[in-house]
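Colleague: Need a 3D model of the following:
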Amino acid sequence: MMSQVRRTFSLLNQRACSWSWFRSSSSSRLLTDSGSTGLVLQSQSTDVYQNLALEDWIDANVDLQGCGVLLLWRNQPAVVIGRHQNPWTECNLPAMRRAGISLARRRSGGGTVFHDLGNLNLTFFASKKAYDRQRNLKVVTEALRRLCPGLDVQATDRFDIILNGCYKISGTASRLSRKSSYHHCTLLHSADRSALSSVLRPSCPGIQSNATPSVPSPVANLIDHAPSLQWEELLDALVQQTPAHRSAHLRMEVKSGRIESCQLDVPADWLPVQLSGELSGVLLGERFCPHRAAAAFSALLRSESGESYKRLHHLCDAVLTAMG
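Modeller: So this is what the prediction gives:
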């Protein structure tokens, strides 16, 4: 990642033997092999360009062979167009300028979407072999059904999620590389639908081009049909913990390639505070490099044994995966 960018995210659902997405049966996990590792990351940035860059960085740098990553992120108001789309036929550029709404192009295909803080973005990263969009959408629909049993949510053959048979609450796009893949989707919780409808209209109607056009659909927010649904409840439903799970939160600030601050919060009943502090300490001042971090972790691990060693080892592996 570029210098001067703050790298802050959360590592969720940590447990001694593996990482998993949320409480569910094995058939609806993104990771079906209990011996595999995986991460759930939550970006603390709301800048569309930083978050799209973070997506690309994870795709290019994290080894996804046997490891899945789910990234959760939100943006300040922005319009994001697909890789093969024409902005003049997809969005109202003058209205966006007046409102200070950013325009960004992502590297995946698919249609144009409006982002704001009422929209949750989910990016599922996996190896190319493990790429499965329907399985990923099942993670979302099952979480919503568990959270709000009265909602009728279904994934379609176009990989959208439809509410009550007619309202689109999630669009989808994906990108496949030689060895890796990612599939991202939106989830409308409380987006500004007035802004959405005003900016998702062409600036210059009638332009003829080979660009991929969006397919308009009626949309709805989840809170339109579940008014009491809180944002944190939605996040919790997507990454719900079981009693065997623990949460670990990692926050780093990286400038000019060096780790200037590092805070690792781990439940004290799972790993002693002293050990998590020592793990954070060995990273401070080091270059943001997984190989350098692995060497520092090896020295730290040599001083431990038994259950502490196992838990510290899994935590080190999770941090290294996050670093790429």
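
Colleague: Please enumerate the helices of the stretch 151-300 of the chain.
Modeller: Listed in chain order, the helices found in the stretch 151-300 of the chain under DSSP state H, counting those that start in this stretch are 193-199, 222-225, 231-238, 273-283, 290-301.

Colleague: I'd like to check what contacts the third one. Which residues are they?
Modeller: Contacts made with helix 231-238 from outside it, assessed by C-beta atoms under 8 Å, 6 or more residues apart in numbering, are listed as 21-22, 42, 72, 120, 122, 139-140, 143-144, 146-147, 187, 189-190, 222. The way it works is simple: take the backbone N, C-alpha and C, and place the C-beta from them, glycine included.

Colleague: Give me the residue ranges of the stretch 51-200 of the chain where confidence is low.
Modeller: Scanning the stretch 51-200 of the chain for pLDDT under 70 picks out 66.

Colleague: tell me the two of the contacts of helix 231-238 that are most distant?
Modeller: Of all pairs drawn from those, the one with the largest separation by C-beta to C-beta is Trp21 and Ser190; the distance is 23.4 Å.

Colleague: ok, the two, which is more surrounded?
Modeller: Neighbour count, other C-beta atoms under 10 Å: between Trp21 and Ser190, Trp21 has more, with 23 against 18.

Colleague: Give the buried residues for stretch 139-157.
Modeller: Val139, Val140, Thr141, Glu142, Ala143, Leu144, Leu147, Cys148, Leu151, Val153, Ala155 (16 or more other C-beta atoms under 10 Å).

Colleague: Quick check: strands, which of those are part of them?
Modeller: Judged by DSSP state E, the buried residues of stretch 139-157 include Val153, Ala155 as members of strands.

Colleague: domain ranges for this structure?
Modeller: 17-238, 251-323 (automatic domain parsing).

Colleague: Give the rounded mean pLDDT of the shortest one.
Modeller: In this case it means domain 251-323. In this model, domain 251-323 carries a mean pLDDT of 86.

Colleague: Quick check: end-to-end length of that domain?
Modeller: Between the opening and closing residues of domain 251-323 there is a gap of 12 Å (C-alpha to C-alpha, to the nearest Å).
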